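Colleague: 3D model of this:
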Amino acid sequence: MAEEVMTERLPLERVKADAHSITLAGGDGMMTVSAHRHGPDTIVVVMTDQLRTSRLDNEAQYLLSRFPYQPGDRATR
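Modeller: Residues are numbered from 1 along each chain as shown. Model (predicted):
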């Protein structure tokens with residue numbers, strides 16, 4: 001989902017991925033999205049190489065707002 005949403009919104013490409021994370025990079029910078037399951041919860045962490053006011057960080061916040069907040073919630077796309 002992270003790759004789909006972020007590559008639609010910014011000129012980013014996947015540079016690395018595994019079962020629990022993806023790294024995207026482009027003209028706006030680089031970001032890594034990782035997800036780790038802890039019981040019924042999944043912890044999603046987004047790290048970027050930009051400042052909080054950058055376009056990349058704003059879009060990272062948008063991505064995080066798409067994920068379900070509580071068990072039973074649905075992700076929005």
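
Colleague: residue ranges for the helices of the protein, please.
Modeller: Here the chain has its helices, by DSSP state H, at 2-9, 55-66.

Colleague: got CSV for those helices, with mean pLDDT and mean neighbour count too?
Modeller: No exception for glycine: its C-beta is placed from N, CA and C like everyone else's. Below are the helices of the chain laid out as CSV (pLDDT from 0 to 100; neighbours: other Cβ atoms under 10 Å):
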stretch, mean pLDDT, mean neighbour count
helix 2-9, 93, 16
helix 55-66, 92, 16
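
Colleague: how about these in TSV, adding distance to Ala35?
Modeller: Below are the helices of the chain laid out as TSV (distance: least, Cβ to Cβ, whole Å):
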stretch	distance to Ala35
helix 2-9	8
helix 55-66	11
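
Colleague: out of those helices, nearest to Gly27?
Modeller: helix 55-66 (9.6 Å; Cβ to Cβ).

Colleague: The closest one - contacts with which helices or strands?
Modeller: For helix 55-66, the packing partners by 3 or more Cβ pairs under 8 Å, 6 or more residues apart in numbering; DSSP states H and E come out as helix 2-9, strand 29-38, strand 41-48.

Colleague: Tabulate those in CSV, adding columns for distance to Pro71.
Modeller: Formatted as CSV, these follow (distance: least, Cβ to Cβ, whole Å):
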stretch, distance to Pro71
helix 2-9, 20
strand 29-38, 12
strand 41-48, 7
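
Colleague: for the ones you listed, which one sits closest to Pro68?
Modeller: Here strand 41-48 is closest among these (Cβ to Cβ), at 8.8 Å.

Colleague: Check the average confidence over that closest one, would you?
Modeller: What strand 41-48 shows for mean pLDDT is 92.
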